[in-house]
Every structure is written in structure tokens, then in C-alpha cells.
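Q: Quick one, structure for this:
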Amino acid sequence: MLPRTTRVSRGGIFRQQAFTNQVLKGALDKWFTICEHRTVRVISRKALLDFAAKHRDAAEPLDNWYRRAKKADWSNLSEVRADYPHADLVGTCTVFNIKGNVYRLVTKIFYGQRKVLIRFALTHKEYDRGRWKNDCGG
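A: Below is the predicted model:
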């Protein structure tokens with residue numbers, strides 16, 4: 001229980017909670033940090049796992065990307081680029097270089113909904129064919 005103080009004013013004696021701005025602000029900051037933190041929903045991890053099963057050397061970089069994306073708080077492409085400098089916007093898709101540009105991960109990011117839709121995980125050769133662009137409008 002927080003302490004209370006008694007103050008005298010023109011109207012008489014009344015009780016006032018002894019909250020200081022710092023105590024109140026610290027308590028609210030802690031509470032809002034716990035309540036507001038939500039993870040990004042990556043749909044679907046299965047696509048990453050299936051690709052990693054075919055291309056074993058992509059498993060660790062894709063897992064790292066997945067874990068980082070789930071914890072991300074991206075609200076635009078420049079924030080994505082802070083984590084992944086070589087991420088590119090192609091039409092409506094965001095394309096990530098995986099394992100030093102050996103593989104490409106094509107996604108659609110819905111910033112307001114905190115969702116990342118995995119569209120394609122591709123080898124560089126598959127990416128160059130460009131069939132994925134039909135889905136991205138690029």
C-alpha cells in the first residue's frame with residue numbers, strides 16, 4: 001500500500017495519495033512495457049523449414065532471420081533496413097538476402113498488423129527467373 005499524507009487547505013483537512021511523478025511514471029512504464037510488447041507473427045515457419053530441409057546450409061540463417069523477425073518492432077522499410085541493410089522493396093514484397101545473397105526470402109510485411117507473410121524462399125537462380133514477381137506486382 002502506498003503511503004498517504006495529510007494536507008491542510010482552505011477547505012479543511014483532506015487526504016492525498018503521495019504519488020510522485022517518478023514513482024507513477026516508473027510503475028506505468030514498467031506495466032506498459034509488459035502489456036504492449038507483442039511479437040510479430042511470421043506466417044508460415046513451415047515454408048522456412050521445408051526450404052531448409054532441401055538446402056541444409058540455409059537452415060541456420062533462416063532460423064536466425066525467423067527469431068529476429070519475431071522480436072522485431074518494424075513499422076516501415078527503413079526500420080527493417082536497420083536490422084537487414086540489404087532488404088529491398090519489390091512491388092508489395094520485401095526481399096531479404098539470406099546467407100550472404102546465396103538465398104532470397106520474399107515476404108509481405110503488414111506493419112500495422114505485425115505480420116510477416118513468407119511468400120517464397122528461393123535459391124538465387126530461382127529468384128533470377130522472376131516467377132515470384134507475379135505475386136508481388138513487381
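
Q: gap between residue 50 and residue 110?
A: Here the criterion is C-beta to C-beta, to the nearest Å. By it, residue 50 lies 22 Å from residue 110. In short, each C-beta sits where N, CA and C put it, glycine included.

Q: Same question for residue 44.
A: 14 Å.

Q: how about the nearest residue to the residue most central in space within the chain, chain neighbours excluded?
A: Centroid-nearest residue in the chain: residue 72, 2.6 Å away (criterion: C-alpha atoms, centre = their mean). Using C-beta to C-beta, 6 or more residues apart in numbering and skipping residues adjacent in sequence, the residue nearest residue 72 is residue 40, 5.5 Å away.

Q: Tell me how many other residues crowd the one you found.
A: Residue 40: 18 surrounding residues under other C-beta atoms under 10 Å.

Q: Check what pLDDT residue 18 gets.
A: Note for residue 18: predicted pLDDT of 42.
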